[in-house]
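> turn this into a model:
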Amino acid sequence: MKNDVNGQMDLLDLLGIEKEVEQKPEKETETKNTKETKKTENVSNTSKVSEKKTETKKYKCPIVVYGGPYSYTINEENKEMSSTEVKKHVIKTFPELKGIVTVKMQEDNSCILHVEYKETKLPEIKDQGIFTVKLGKEYVISNEGVEEAVIAWNKKFPQYVGCNYHYVNNNDHVLIPFYKSDSKQVLRAYKLPVLIGFPEMMEQIKPDKDQEDQTISGAEIMERYSKTHPEFKDCTFKYIEHTNTIIPLKEKAVYVPDICMIQLPITVATGGYHIQFSADDFHGKDIVTMEEIRKALEATYPEYSKERTSMTYDKRHFIIAMLKSSTKGATIVSSREGFHREVNENGVTEYRPYGKFVLTGKNQLDFSLNSDQLKIPKKLLSDIIDRFRMDIHRECALQLFMTKDEKGYWLYEPRQTATSCDVTFERNNVMEDEYVLVMDIHSHGKLPTFFSATDNRDEKGIRLYMVIGNFSEENPRSYNIMLRAGMNGVFQELSVEDIFV
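This next block holds a predicted model:
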């Protein structure tokens with residue numbers, strides 16, 4: 001054992017023992033008061049060391065160490081260990097981790113390791129002699145140099161062909177194989193079964209019963225794996241195609257829309273439909289960006305423009321397309337029963353619980369209610385006008401929904417900001433998914449009644465639209481109504497009598 005003064009001090013501090021310091025003979029001129037002061041200081045220092053001892057938390061063995069390939073159990077019978085002692089035990093078990101491992105103790109008496117690898121390019125290694133490639137408890141040794149050691153390792157564990165290496169530059173010449181997380185990860189589904197883990201610590205993720213062709217996302221695989229390997233909770237991984245192997249990585253999984261690549265096929269979930277995209281939709285490309293998928297969605301549903309759409313990757317390997325708060329018209333259609341879409345040589349028909357929208361190949365729209373019984377009571381129209389008349393100096397937005405039984409209607413006023421010539425409101429996605437949205441309505445206050453260029457640009461959802469303007473402070477009966485059906489930016493003018501009764 002080396003006689004390391006600093007190390008000795010650390011050990012004494014750890015055990016709560018005050019180090020004996022060789023005292024020089026006191027000078028005769030030293031006063032009694034000075035002696036008493038030094039004695040007081042010594043007592044104080046002893047007290048501080050005692051407090052430090054009290055603060056050192058101990059963990060009773062057995063202690064489970066979660067560290068990927070360095071996982072094991074410290075089973076010192078009837079022994080308690082501090083986090084520092086646990087770290088020393090880990091380094092004693094795996095000496096190559098010295099200087100690159102940290103230990104984080106857990107409330108359940110386990111600990112999680114974090115290893116900070118630093119890549120060394122193999123051509124940079126000029127050392128000669130015996131080399132060891134080692135990961136956890138698995139290793140290969142070659143006395144013919146670094147290249148032969150790597151070849152031997154790859155032959156034994158082919159999933160590491162092309163990996164990175166951390167070089168422990170000591171007399172043993174140890175190489176630790178590891179993978180970095182991909183900056184542009186390809187998000188995809190994996191057909192089960194699939195292997196996951198590390199050399200001689202592999203596990204098989206099997207399909208559920210009666211699901212021979214089951215596929216699940218990488219995130220779902222990691223979720224299953226992390227139940228027994230908590231050090232990889234919410235982490236990413238490296239997939240090795242030729243061995244059908246997943247190697248867990250310690251980096252957290254982050255899905256950034258502008259960076260992520262998506263492997264097709266994939267389903268895009270909107271409020272009303274689940275739309276599956278395949279390579280056929282992208283001229284044979286089977287890996288595309290999130291933005292390419294959004295553009296393909298916009299081609300069918302124009303309301304999903306880049307400015308208004310949020311694309312979120314779900315760990316179950318599908319994409320959620322949501323429209324952000326915007327000016328009037330953009331929305332997420334409801335997912336209730338009664339929604340259906342038909343496409344034929346004559347055009348596209350969208351069915352809603354209250355009516356149907358037929359868009360012909362000539363880009364003409366024809367809307368009709370499902371029955372006269374579904375016309376909207378004029379009492380609600382009066383309520384709309386009364387609300388708009390409350391402040392005719394600013395625009396206002398309202399929405400009309402069907403009741404739960406889909407036999408009646410009710411009004412909703414969303415949160416909004418308005419001026420004399422503009423209104424922007426926040427869409428309540430939960431409400432629009434729970435109830436059937438029939439109509440977006442807004443006022444023009446004292447200004448003329450018309451559908452503006454902004455309205456034409458924004459109102460691309462499949463529903464009815466109404467604007468009321470020309471209000472007057474002098475004449476309470478002064479107002480004008482314009483009403484239309486809209487689908488994908490194509491409109492049909494309607495009369496009040498067509499919709500209200």
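> which stretches of the stretch 301-450 of the chain have low pLDDT?
Low-confidence segments of the stretch 301-450 of the chain, defined by pLDDT under 70, span residues 323-336, 343.
> and the helices in it?
Assignment of helices within the stretch 301-450 of the chain using DSSP state H, counting those that start in this stretch yields the ranges 378-389, 429-434.
> could you dump these to TSV with distance to Val103 and mean neighbour count?
To be clear about C-beta, it is placed using only N, CA and C from the backbone, and glycine gets the same treatment. Shown next, in TSV, are these (distance: least, C-beta to C-beta, whole Å; neighbours: other C-beta atoms under 10 Å):
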stretch	distance to Val103	mean neighbour count
helix 378-389	63	16
helix 429-434	44	15
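> closest one to Gly129 among those helices?
helix 429-434 (64.8 Å; C-beta to C-beta).
> which one of the helices of the stretch 301-450 of the chain lies nearest to Leu483?
When the helices of the stretch 301-450 of the chain are compared (using C-beta to C-beta), the closest one is helix 378-389, at 10.0 Å.
> which helices and strands does that closest one pack with?
Using 3 or more C-beta pairs under 8 Å, 6 or more residues apart in numbering; DSSP states H and E as the contact definition, the elements that helix 378-389 packs against are strand 397-402, strand 409-412, strand 463-469.
> got the CA positions of the second one in CSV?
The C-alpha coordinates for strand 409-412 follow below in CSV (Å, rounded to 0.1, in the frame of the first residue of the first chain):
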residue,chain,number,x,y,z
TYR,A,409,-76.1,22.2,-30.4
TRP,A,410,-74.4,24.5,-27.9
LEU,A,411,-72.1,27.5,-28.0
TYR,A,412,-68.6,27.8,-26.7
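> ok, and for that strand, which residues are buried?
Tyr409 (16 or more other C-beta atoms under 10 Å).
> so who does Thr93 touch?
When contacts are counted by C-beta atoms under 8 Å, 6 or more residues apart in numbering, Thr93 is found next to 70, 72.
> kindly apply the preceding question to Phe94 instead.
Contacts for Phe94 (C-beta under 8 Å, 6+ apart) come out as 70, 101, 136.
> want to throw the residues you listed into CSV with pLDDT?
Rendered in CSV, the data for the contacts of Phe94 read as follows (pLDDT from 0 to 100):
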residue, pLDDT
Tyr70, 98
Val101, 98
Gly136, 97
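> isn't Lys206 right up against Leu195?
No - contact status for Lys206 versus Leu195: not in contact, 10.7 Å apart, counting by C-beta atoms under 8 Å.
> so the two - more neighbours on which side?
For Lys206 versus Leu195, neighbours defined as other C-beta atoms under 10 Å are more numerous around Leu195 (15 against 12).
> any idea what that one is bridged to?
Going by DSSP bridges, Leu195 is paired in beta bridges with Gln204, Thr245.
> I'd say it and Ile221 touch.
No - with contacts defined as C-beta under 8 Å, Leu195 does not count as touching Ile221, sitting 10.3 Å away.
> Serialize the helices and strands packed on helix 378-389 to a markdown table and add fields for distance to Ala299.
Written out in a markdown table, the entries for those read as follows (distance: least, C-beta to C-beta, whole Å):
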| stretch | distance to Ala299 |
| --- | --- |
| strand 397-402 | 27 |
| strand 409-412 | 31 |
| strand 463-469 | 20 |
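> to Val438, which of these lies closest?
Each of the helices and strands packed on helix 378-389 was scored for nearness to Val438 using C-beta to C-beta, and the closest is strand 397-402 (4.8 Å).
> what about Asn78, how many residues close to it?
6.
> residue contacts, it?
In this structure, Asn78 makes contact with Cys61, judged by C-beta under 8 Å, 6+ apart.
> could you redo the last one with a cut-off of 10 Å?
The contact partners of Asn78, by C-beta atoms under 10 Å, 6 or more residues apart in numbering, come to 60-61.
> also Arg484?
365, 367, 451, 455, 459, 464-467, 491-494.
> go again using 7 Å as the cut-off
Arg484 is in contact with 451, 465, 491-494, counting by C-beta atoms under 7 Å, 6 or more residues apart in numbering.
> before we move on, the earlier item: okay, and the common contacts of Leu195 and Ile221?
In terms of C-beta under 7 Å, 6+ apart, Leu195 and Ile221 are both contacted by the residues Ile246.
> and the protein, split by domain according to the record?
59-115, 122-178, 186-252, 261-324, 372-499 (automatic domain parsing).
> and those domains, which one averages the lowest pLDDT?
Of all the domains of the chain, domain 261-324 carries the lowest average pLDDT, namely a mean of 85.
> which residue ranges form the strands in the stretch 201-350 of the chain?
If you assign secondary structure with DSSP state E, counting those that start in this stretch, the strands in the stretch 201-350 of the chain sit at 203-205, 215-217, 235-240, 245-252, 261-263, 266-269, 274-277, 287-289, 309-314, 318-323, 326-327, 340-344, 347-351.
> kindly reformat those strands as CSV containing mean neighbour count.
As requested, the strands of the stretch 201-350 of the chain are exported to CSV (neighbours: other C-beta atoms under 10 Å):
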stretch, mean neighbour count
strand 203-205, 15
strand 215-217, 18
strand 235-240, 20
strand 245-252, 18
strand 261-263, 18
strand 266-269, 18
strand 274-277, 15
strand 287-289, 17
strand 309-314, 16
strand 318-323, 20
strand 326-327, 18
strand 340-344, 11
strand 347-351, 17
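> neighbours around Asp108, how many?
The local packing count at Asp108 equals 9, with neighbours defined by other C-beta under 10 Å.
> and the gap between it and Tyr59?
Distance of Asp108 to Tyr59, computed by C-beta to C-beta, to the nearest Å: 10 Å.
> again with Glu76
Glu76 sits at a distance of 11 Å from Tyr59 (criterion: C-beta to C-beta).
> the two: which has the busier surroundings?
Ranked by neighbour count (other C-beta under 10 Å), Glu76 and Tyr59 place Tyr59 first, with 20 against 13.
> isn't the more buried one right up against Ser110?
No - with contact taken as C-beta atoms under 7 Å, Tyr59 and Ser110 are classed as non-touching, separated by 8.7 Å.
> got the contact list for Tyr479?
385, 468, 470-471.
> farthest-separated two in those?
Using C-beta to C-beta, those span at most 11.5 Å, a distance reached by Ile385 and Asn470.
> show the pLDDT at Glu55.
Note on Glu55: pLDDT of 62.
> can you classify Tyr165 by secondary structure?
strand (DSSP: H, G, I helix; E, B strand; the rest coil).
> skipping adjacent residues, who's closest to it in space?
Across the structure, with C-beta to C-beta, 6 or more residues apart in numbering as the measure, the residue nearest Tyr165 apart from its sequence neighbours is Leu175 (4.7 Å).
> elements contacting the helix or strand hosting the one you found?
In this structure, Leu175 is located in strand 174-178 according to DSSP states H and E. If contacts are counted by 3 or more C-beta pairs under 7 Å, 6 or more residues apart in numbering; DSSP states H and E, strand 174-178 sits against strand 131-135, strand 164-168.
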